[in-house]
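A.B. asks: sequence plus predicted model, see below.
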Amino acid sequence: MRFKIFVAILLFILPFLLFSQEEDTTYKPTHSPTKASIMSAILPGAGQVYNKKYWKVPLIYAVGGYLGYAVWYNNKEYQRFKKDYKAVADNDPNTVDEFNGQVPADQLKYVKDQYRRQRDFSFMTLSVWYVLNIVDASVDANLYDFDISDDLSFKFFDKGNVFTLSYKIK
């Protein structure tokens with residue numbers, strides 16, 4: 001019985017002993033993905049500046065400005081047609097819309113609903129832009145120290161011996 005337990009433990013531990021890798025203690029991360037993400041969450045583009053990807057900042061603000069304007073404009077038009085629709089639909093002769101009753105209520109309702117949908121879509125797109133800004137900063141910080149040289153090599157360890165597979169791109 002003891003022999004079976006010994007063999008079971010040995011079979012469980014043996015793969016860890018054979019394929020364990022020595023830990024490389026020389027690598028110390030210099031860039032924090034968490035810091036880049038928090039900076040981009042507080043101020044869009046700040047994480048990209050932290051990652052020294054300055055060229056992305058104008059793109060971030062151009063897209064963000066356009067989406068913010070789209071939300072503002074569509075909301076303004078939605079409120080305008082909502083007010084006009086209420087004025088026409090209440091059947092009160094004292095309330096007058098900006099079209100002086102020339103446009104039917106169903107057409108005003110259709111245009112109002114279109115602007116509401118466009119406003120909601122613009123707001124969702126702005127939200128996705130904000131999240132992608134944070135994700136971009138985090139990914140850039142993770143890949144900040146990534147080696148992009150032409151030397152493709154892989155090191156693995158086997159019982160204390162170091163084997164290196166290497167391929168140089170020409």
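C.D. replies: All right, it came through fine.
A.B. asks: from the contact counts, what lies against the helix or strand harbouring Phe121?
C.D. replies: Using DSSP states H and E, Phe121 falls within helix 105-142. Packing partners of helix 105-142 (3 or more CB pairs under 8 Å, 6 or more residues apart in numbering; DSSP states H and E): helix 33-42, helix 46-50, helix 56-89. For the C-beta atoms, the positions are set from N, CA and C on the backbone; glycine is no exception.
A.B. asks: start and end of stretch 78-98, how far apart?
C.D. replies: 14 Å (CA to CA, to the nearest Å).
A.B. asks: give the buried residues for that stretch.
C.D. replies: Residues of stretch 78-98 classed as buried under the neighbour-count rule (16 or more other CB atoms under 10 Å) are Tyr78, Phe81, Lys82, Asp84, Tyr85, Ala87, Val88, Asp97.
A.B. asks: so what's the last one up against?
C.D. replies: So the one you mean is Asp97. Lys83, Asp84, Tyr85, Ala87, Val88, Val103, Leu108 (CB atoms under 8 Å, 6 or more residues apart in numbering).
A.B. asks: no further queries at this time; thank you.
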